[in-house]
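no FASTA, just this:
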Ligand code: SF4
C-alpha cells in the first residue's frame, strides 16, 4: 500500500512515525494531511535503507540537489562523490538526472548509496535509449517510456518527474502566444519533440492510468513536471504556463483518487513580484498538493551566481507556501555542476529554506537563530559552528584568519561583543578564537 492508502485507512506507518518525530509534529495530524494530499512521504517500498522525509503543509521546507551525468561527463564515481557532498551539505533529497553513460547502473549505484529519497526523470532513459536503438529521441515508443518508468520504480526510486501536463492543447497555446525562450525543460523538450514529430498526444497524459498503476504498485510519488515552465522572466506566468498548471491540477486529483502520492513542480524564471501569485495559483488549482519549485530564478542575467538568484526566489516562494526547493548551482546555464558547485547550491537553498521556515513558524527554526545570537554574544565559537548551516566553512574561515583573544579578526581587540559584554556583565567564554 502507498503512504496515502495507509493514511486513508486511518493507520500510521513507520515512515509516518519517523517523519512526525523528526519534524516535531503530531503523527495523527501528519496522517490527516497525507490523507488530504497536502503532505507526501516519497518512500518507494523497494528503497529499503531509506530515512523517510515528508514534504508539504506544516513541515520544514525541503531542499533537493540535482546530480547526474551528461553526454559529455559520464562517470559513476564522480556522481557518487556529488551524492555524498550533497548529503553532507544537508540536502533532503537527491535527483539523479543522468543522461550519459550507463543510466540504469548509475541510478542503482546512487540508490544503494543513499538513505535519503532519490528522484529521477525516467523519460531521459527512454529518450537516450531511443537514440542508441533507433537514432533519435522522437523514435521512442510509448512503451519505451512506460518501461523506463517501471525500471525506475522497480529499482526503488522514490519520486519521478513526469511531464504529464504537456498536451497538444498546451503546445497550440505556446505557438499562438509566442515566447522568448519557448521550452527549457529537458524532459518537456523530449516529450514536445516526440509529440510534434509523431503528431500524437503525450503518452503520459493519454495513458495516465497506466502511470498511476506503476506508481501505486511501488508507492512512487509522482512529481508532475512543468515542461512548459518559463525559461526567462519575459515568459513568466504566461498563458502556456497557466494552462499546464490547470491540467496538472486535474491530474493531481486523479492521482489522489487512485491512492497515489503526488506533488507539483513549478517555475522556473519568475520576477520577484510574481512569485507569491504563482504559489497561490498552484495551491488553489492543485488543492494544496505540495509545491516543488525549481529555483525560482529572479533574474536572467546572473550566470555564475544563480545559486544566489534562486535562493532569493526560493526564500520568497517558500515564505508564500512552497514546500520543496530544487537547488540551483553556480554553474547553472554554464556547465554541468562539479562537487563544489553541488555543495554551494545545497547550502544556498538551505539558507532560503531556513529563512522561510523562520516566518512559516516551523518548530525550532526561530529558536536556532536566537541560540546563535546568544552564542555570538558569548563569543562561543564551538556553539556557533554547531548551529551554523555550514559548520565546515565556519571553522575554516574562522581559523584561517584568527586573532589573539576571544574575538574574531574582523574587529580584533575592538570587538564590540567583547567590549560591551564586559561592561554589561555578559559571560564571555574564555578561549582563543
Ligand atoms: S570581532 Fe567584531 S565581528 Fe568578530 S565577534 Fe567581535 S564584534 Fe563580531
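Sure thing, it's come through. The structure presented is a predicted model; accordingly, all values stated were derived computationally and were not measured.

next, residue 48: phi, psi?
phi -80, psi -30 (degrees, to the nearest 10).

tell me who's in contact with it.
residue 156 (C-beta atoms under 8 Å, 6 or more residues apart in numbering). Glycine gets a C-beta too; all of them are placed from N, C-alpha and C.

mind running it again at 10 Å?
111, 112, 115, 156 (C-beta atoms under 10 Å, 6 or more residues apart in numbering).

which pLDDT value goes with it?
For residue 48, the model assigns a pLDDT of 87.

pLDDT of the longest helix along the chain, averaged?
The residue-count maximum for a helix in the chain (DSSP state H) belongs to helix 339-360. Averaging pLDDT along helix 339-360 gives 98.

what is that helix packed up against?
In terms of contacts (3 or more C-beta pairs under 10 Å, 6 or more residues apart in numbering; DSSP states H and E), helix 339-360 is packed against strand 62-67, helix 76-88, helix 306-320, strand 324-326, helix 365-377, helix 391-400.

output the contacting helices and strands for the shortest one.
Contact here means 3+ C-beta pairs under 10 Å, 6+ apart; on that basis strand 324-326 packs against strand 62-67, strand 93-96, strand 262-266, strand 291-294, helix 306-320, helix 339-360.

which residues sit in contact with the closest residue to the ligand within the stretch 101-250 of the chain?
Closest approach of the stretch 101-250 of the chain to the ligand (C-beta to the nearest ligand atom) occurs at residue 116, with a separation of 34.7 Å. If a contact means C-beta under 10 Å, 6+ apart, then residue 116 has 42, 47, 49-53, 64-65, 83, 86-87, 91-94, 158 as its contacts.

before we move on, what about residue 92?
The contact partners of residue 92, by C-beta under 10 Å, 6+ apart, come to 51, 53-55, 60-65, 86, 116-117, 324-325, 346, 349-350, 353.

residues contacting residue 22?
Applying C-beta under 10 Å, 6+ apart to residue 22 gives the contacts 51, 52, 53, 54, 59, 60.

equivalent analysis for residue 311, please.
Applying C-beta under 10 Å, 6+ apart to residue 311 gives the contacts 295, 297-298, 305, 325, 327-328, 345, 347-353, 355.

in the longest helix of the chain, which residues are buried?
Residues of helix 339-360 classed as buried: 339, 341-357, 360 (neighbour count, 16 or more other C-beta atoms under 10 Å).

same check on stretch 230-249?
Judged by neighbour count (16+ other C-beta under 10 Å), stretch 230-249 contains these buried residues: 230-231, 233, 235-238, 240-245, 247-249.

picking that back up, just name the most buried of the helices and strands packed on helix 339-360.
Stretch with highest mean neighbour count among the helices and strands packed on helix 339-360: strand 324-326 (a mean of 29; mean count of other C-beta atoms under 10 Å).

strand partners of it, parallel vs antiparallel please.
strand 62-67 (parallel), strand 291-294 (parallel) (DSSP bridges).

residue 219 contacts residue 117, doesn't it?
No - counting by C-beta atoms under 10 Å, residue 219 sits too far from residue 117 to count as a contact (11.4 Å).

identify the contacts common to the two.
Counting by C-beta under 10 Å, 6+ apart, the residues touching both residue 219 and residue 117 are 41, 42, 43, 44, 47, 158.

pLDDT wise, what is the last one at?
The predicted local confidence for residue 158 comes out at a pLDDT of 98.

that one reaches residue 115, doesn't it?
No - if you go by C-beta under 10 Å, residue 158 and residue 115 don't touch, sitting 11.2 Å apart.

so what's residue 372 up against?
By C-beta under 10 Å, 6+ apart, the contact set of residue 372 is 380, 383, 384, 386, 387, 388, 389.

flag every residue of this protein that's near the ligand.
Contact residues (C-beta under 6 Å from any ligand atom) of the chain with the ligand: 407, 408, 410, 411, 415, 416, 417, 418.

what sits against the fifth one?
It refers to residue 415. Counting by C-beta under 10 Å, 6+ apart, residue 415 touches 379, 403, 405, 406, 407, 408, 409, 421, 428, 433.

the fourth one contacts residue 377, correct?
Translated: residue 406. No - taking contacts as C-beta under 10 Å, residue 406 lies outside contact range of residue 377: 11.7 Å.

how about the strands of the stretch 51-200 of the chain, start to end?
All strands of the stretch 51-200 of the chain, identified by DSSP state E, counting those that start in this stretch, fall at 55-56, 62-67, 93-96, 118-120, 159-162.

the ligand: which of the contacts of residue 372 is nearest?
residue 384 (9.2 Å).

which stretch of helix or strand covers that closest one?
Here residue 384 sits within helix 381-387, counting by DSSP states H and E.

buried residues in that helix?
For helix 381-387, by 16+ other C-beta under 10 Å, it's 381, 383, 384, 385, 387.

if we can go back for a sec, CSV for the strands of the stretch 51-200 of the chain, including distance to residue 205?
Below are the strands of the stretch 51-200 of the chain laid out as CSV (distance: least, C-beta to C-beta, whole Å):
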stretch, distance to residue 205
strand 55-56, 24
strand 62-67, 24
strand 93-96, 22
strand 118-120, 19
strand 159-162, 10
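
ok, and the most crowded of the residues of the chain next to the ligand?
residue 407 (22 neighbours; other C-beta atoms under 10 Å).

what sits closest to it if chain neighbours are left out?
Excluding its sequence neighbours, the residue lying closest to residue 407 (C-beta to C-beta, 6 or more residues apart in numbering) is residue 415, at 3.3 Å.

how close does that neighbour sit to residue 371?
Distance of residue 415 to residue 371, computed by C-beta to C-beta, to the nearest Å: 20 Å.

shouldn't residue 350 be in contact with residue 61?
Yes - in this structure residue 350 lies within contact range of residue 61 using C-beta under 10 Å: 9.0 Å.

what stretches of the stretch 201-350 of the chain score poorly on pLDDT?
Within the stretch 201-350 of the chain, no stretch has pLDDT under 70.

still on that earlier bit, same list (the helices and strands packed on strand 324-326) but as a markdown table, adding distance to residue 37.
Below are those laid out as a markdown table (distance: least, C-beta to C-beta, whole Å):
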| stretch | distance to residue 37 |
| --- | --- |
| strand 62-67 | 17 |
| strand 93-96 | 19 |
| strand 262-266 | 7 |
| strand 291-294 | 12 |
| helix 306-320 | 19 |
| helix 339-360 | 19 |
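
which one of these lies closest to residue 279?
helix 306-320 (4.0 Å; C-beta to C-beta).

give me the angle between the closest one and strand 262-266.
Computed with axes from the mean of the first three to the mean of the last three C-alpha atoms, to 10 degrees, the direction of helix 306-320 lies at 130 degrees from that of strand 262-266.
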